[in-house]
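A.B. asks: Got a predicted model here, sequence first, then my questions.
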Amino acid sequence: MKFSVFQVSRKGGRDKNEDRMGYCYTSSAAIFMLADGMGGHPEGEVAAQLAIQAIAALFQKEAKPELADVPRFLDNAVRSAHRHILRYATGRAMLDAPRSTIVVAVIQNGALTWTHCGDSRLYLLRRGELLTRTRDHSLLEQDLIKPATARPEAGKNRHVLFTCLGSPTKPLFAVEGPLGLQLGDRIMLCSDGLWSAVPEPTLVSELLHKPVDVAVPDLVELALRLAGPSSDNVTCLALAWETPDELASTRGSITTDSILDGVFASTVQAGWLDPVEDDLDDEAIERSIAEINEAIRRSAQKKV
């Protein structure tokens, strides 16, 4: 595999940065991840960090050097991230679990497979145009896919999501792909702090006409400038599927051809997780949710 990758995250006008991102790769597979901790719930940055770490740990465990089944891996990875967030919350007797969005992409055998939960997005650009992007799990996006006559008259807040990681209900998500990559394809993962501030035609143009190591910081700075003092956290990770000649002059250029089997590279910071431990099954998830709901019920009774 040969690709160029670049990533930037900025706090914007918020008190802290609750976005997290990272990528990992072996000689035969690569994974790219971005999570956005959700405001209105405690410790969003913890939820985002746990999600990224859980998925990276599972990738390290299973990519030997390839993943046996990429769609199945992505399905398990999102569920694992959700479980780790719930375990963190129940272990600290939190009345409300931290929550996060997630978007994940895997490249293996020259093909892209991806999934997402929430409103962090993946864009795929090819031959001068936007080939596809993920659709947010928001009430607004849900209305936009309906016929015009069936849409509500009043617009809805784009921040209202109907699924995420860490919520008391199981996350809703779908795995898409695989889609064969072509030389020059651009793939971008970003938080809503970017796509909500930068018009989509501008976003596409910047990513298509600049190397990713230039386009990513330029897009992040543009989002911060357009959003002004109230800017959300802005995070962007983009990669170009390139030829060897193109790689030579680009920062963030990676070739995995010379990596030995068993070697694993990662930009994900270590933290709270055991790299191979994931001991919550669906039954344990339900117990965790019940414990959170019971803590909320007891707290409500005390206030009466």
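C.D. replies: Ah, there it is. Numbering: from 1, shown residues only.

A.B. asks: any chance you could map the helices in the stretch 101-250 of the chain?
C.D. replies: For the stretch 101-250 of the chain, the helices defined by DSSP state H, counting those that start in this stretch occupy 139-144, 192-195, 200-209, 212-227, 244-247.

A.B. asks: Most tightly packed of these?
C.D. replies: helix 192-195 (a mean of 25; mean count of other C-beta atoms under 10 Å). No exception for glycine: its C-beta is placed from N, CA and C like everyone else's.

A.B. asks: Alpha carbons only: can I get it in PDB?
C.D. replies: Provided in PDB are the C-alpha atoms of helix 192-195 (Å, rounded to 0.1, in the frame of the first residue of the first chain):
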ATOM      1  CA  ASP A 192     -19.100  18.400  12.300                       C
ATOM      2  CA  GLY A 193     -16.900  21.400  13.300                       C
ATOM      3  CA  LEU A 194     -15.500  21.200   9.700                       C
ATOM      4  CA  TRP A 195     -18.400  20.300   7.500                       C
END
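
A.B. asks: What is that helix packed up against?
C.D. replies: The contact analysis (3 or more C-beta pairs under 8 Å, 6 or more residues apart in numbering; DSSP states H and E) places helix 192-195 against helix 212-227, strand 234-241.

A.B. asks: Dump the ones you listed into TSV; add mean pLDDT as well.
C.D. replies: TSV is the format used below for the helices and strands packed on helix 192-195 (pLDDT from 0 to 100):
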stretch	mean pLDDT
helix 212-227	96
strand 234-241	96
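
A.B. asks: would you list these in JSON lines and tack on distance to Leu122?
C.D. replies: Listed next are the helices and strands packed on helix 192-195 as JSON lines, based on distance: least, C-beta to C-beta, whole Å:
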{"stretch": "helix 212-227", "distance to Leu122": "14"}
{"stretch": "strand 234-241", "distance to Leu122": "10"}
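
A.B. asks: Please point out which parts of stretch 93-101 sit buried.
C.D. replies: Within stretch 93-101, the residues scored as buried using 16 or more other C-beta atoms under 10 Å are Met94, Asp96, Ala97, Pro98, Arg99, Ser100, Thr101.

A.B. asks: so who does the fourth one touch?
C.D. replies: Pro98 makes contact with 37-38, 41-44, 46-47, 50, 85, 88-89, 166, according to C-beta atoms under 8 Å, 6 or more residues apart in numbering.

A.B. asks: quick check, nearest of those to Asp119?
C.D. replies: Closest to Asp119 out of the contacts of Pro98 is Met38 (9.6 Å), distances taken as C-beta to C-beta.

A.B. asks: Would you quantify the distance from the closest one to Met1?
C.D. replies: With distances taken as C-beta to C-beta, to the nearest Å, Met38 is found 33 Å from Met1.

A.B. asks: out of those two, which sits in the more crowded spot?
C.D. replies: Between Met38 and Met1, counting by other C-beta atoms under 10 Å, Met38 is the more crowded of the two (22 against 19).

A.B. asks: so that one sits right up against Asp96, yeah?
C.D. replies: No - look at Met38 against Asp96 with C-beta atoms under 8 Å: they stay out of range, at 10.8 Å.

A.B. asks: buried set for stretch 37-54?
C.D. replies: Going by neighbour count (16+ other C-beta under 10 Å), the buried part of stretch 37-54 is 37-38, 41, 43-54.

A.B. asks: Return the subset of those residues lying in helices.
C.D. replies: Among the buried residues of stretch 37-54, the ones falling in helices (DSSP state H) are Gly44, Glu45, Val46, Ala47, Ala48, Gln49, Leu50, Ala51, Ile52, Gln53, Ala54.

A.B. asks: pLDDT weak spots in the stretch 101-250 of the chain?
C.D. replies: Across the stretch 101-250 of the chain, the ranges flagged by pLDDT under 70 are 140-159, 243-250.

A.B. asks: Quick one, grab the pLDDT at Met94.
C.D. replies: The model reports Met94 with a pLDDT of 89.

A.B. asks: ok but it is inside a strand, no?
C.D. replies: No - with DSSP: H, G, I helix; E, B strand; the rest coil as the criterion, Met94 is coil rather than part of a strand.

A.B. asks: Tell me the one among the ones in helices among the buried residues of stretch 37-54 nearest to Ala215.
C.D. replies: Ile52 (22.4 Å).
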